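> Following is a predicted model, sequence given first.
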Amino acid sequence: MSISLEPVVARKTWRTVEPLHGMIYFAPEAAQRYAELGLNDRAGYFASRSAPMGPVGAEVVIATFFNFCPGLVRRAMAGVWSVTTTGEVLQARLEAADAALRRVLGDAVSSPGLARAAQLARIAAEAAGERPQGRPLFAGHASLSWPDEDHLVLWHAQTLLREYRGDGHVVALCSAGIGPAEALVIHAASGEVPTAALRETRAWTDAEWDEAVESVRSRGWLAEDGTLALSPAGVEHRQSVEDMTDLLAVHPYAVLGEARCGELRELTRPLSQAVVSAGMLGRVPGT
């Protein structure tokens, strides 16, 4: 059966729910639990997000996380699986998500609205599992057992949907001939994220960054005045990559359907706003 949905609906739904997943990268509960396993912030980030794929090494993380400087990843991942296990890291991450969501959402974690949101998000996430090909980070997360409690079901479902979309975004970037540092330059030139934050957290050297800037500029995607801003051609090209990302991410939301996507957004909007208002989306240690 053919199911259609405007990609913009999928994007809006993902963005509305995303803070409920994204907070795990900033929650002090996560940093504390990773530290108890002997992992610093960056090691905790890379290890916890890659652990669903097994005790993989730095090269797999470099390939799947895409836009981080390889040297940063190799330093962060060095010796990780000699001091802890994937099972311990995944348990720490789940416990951190539980504690952080309970702290921020309070009584809402047991509300009927959250339970319904979890049900809807799980429908979409399980539909994503019908198409795991070419999505290694998603497939790893999809292999994990579902949690029992509604707020963790919602968190896990959005985790799956985030990684499903992220893997598709890597495909779109590679298809467009955009490398990891170049992708960051384009992102910085869009004005959506401060350049300094991207450079600090992804850790490319000055020479590597300058080379990426020149590569993007040579394609006519940066402003002619020499500033780090997108030219009209750059805006158009970036939008084409975003459109492809949206298209590749649409399937699970198409299965959910437009009406239920709208219901999911309505139910999760106040929950996501609570996460944002609590300052839970600050700078990611590793990203």
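That came through fine.

> ranges for the strands of the protein?
In the chain, no strands are defined using DSSP state E.

> Can you find the helix or strand in it with the smallest mean pLDDT?
Lowest by mean pLDDT, DSSP states H and E among the helices and strands of the chain is helix 195-202, with a mean of 92.

> elements contacting that one?
When contacts are defined as 3 or more CB pairs under 8 Å, 6 or more residues apart in numbering; DSSP states H and E, helix 195-202 sits against helix 180-189. The C-beta positions use only the backbone N, C-alpha and C, and glycine is treated the same way.

> Enumerate every residue touching L120.
Counting by CB atoms under 8 Å, 6 or more residues apart in numbering, L120 makes contact with 256, 260, 263-264, 267.

> oh, I was asking about D243
P7.

> again, only this time at 7 Å
With CB atoms under 7 Å, 6 or more residues apart in numbering as the criterion, no residue contacts D243.

> Pull up the gap between it and R165, please.
Per CB to CB, to the nearest Å, D243 is found 13 Å from R165.

> For G177, give me the backbone phi and psi.
phi 70, psi 30 (degrees, to the nearest 10).

> try A229
phi -140, psi 150.

> And it, how far from R217?
Note on A229: its distance to R217, by CB to CB, is 11 Å.

> In contact with the residue minimising distance to the centre of the chain, which residues?
Centrality entry for the chain: nearest residue to the mean C-alpha point is R162, 5.1 Å, by CA atoms, centre = their mean. By CB under 7 Å, 6+ apart, R162 lies in contact with 18, 21.

> With E224 instead?
Residues in contact with E224, defined by CB under 7 Å, 6+ apart, are S231.

> Do you know the pLDDT at it?
Here, the pLDDT recorded for E224 equals 92.

> now do G286
Note on G286: pLDDT of 36.

> same deal with S50?
pLDDT, S50: 98.

> That one against V61, yeah?
Yes: with contact defined as CB atoms under 7 Å, S50 counts as touching V61 (5.0 Å).

> what about F68, how many residues close to it?
When neighbours are counted by other CB atoms under 10 Å, F68 registers 23.

> Next: S240.
12.

> how far away is the residue lying closest to it once chain neighbours are set aside from L72?
Leaving out its chain neighbours, the residue that sits closest to S240 by CB to CB, 6 or more residues apart in numbering is A176, at 7.3 Å. Distance from A176 to L72, counting by CB to CB: 24 Å.

> Kindly report the same for D243.
30 Å.

> cool, S48 as well?
From S48 across to L72, the span is 16 Å (CB to CB).

> Of those two, which one has the most company?
Set S48 next to L72 and count neighbours by other CB under 10 Å: S48 wins out with 24 against 18.

> R93 is in contact with the more buried one, correct?
Yes: because the distance of 4.6 Å satisfies CB under 7 Å, S48 is recorded as touching R93.

> Can you pull the poorly scored residue ranges out of the stretch 1-150 of the chain?
1-3 (pLDDT under 70).

> Helices of that one, start to end?
With DSSP state H, counting those that start in this stretch as the criterion, the stretch 1-150 of the chain has helices at 7-17, 19-22, 28-36, 41-50, 58-65, 70-77, 80-83, 86-105, 112-128, 136-142, 150-175.

> and the fourth one with helix 58-65, angle?
Taking axes from the mean of the first three to the mean of the last three CA atoms, to 10 degrees, helix 41-50 and helix 58-65 form an angle of 70 degrees between their directions.

> same check, this time on the longest one
On the basis of the same axes, to 10 degrees, helix 150-175 is oriented at 90 degrees to helix 58-65.

> Report the buried residues of helix 150-175.
Across helix 150-175, burial judged by 16 or more other CB atoms under 10 Å covers 150-170, 172-173.

> try the third one
Of the residues in helix 28-36, those buried under the neighbour-count criterion (16+ other CB under 10 Å) are 29-31, 33-34.
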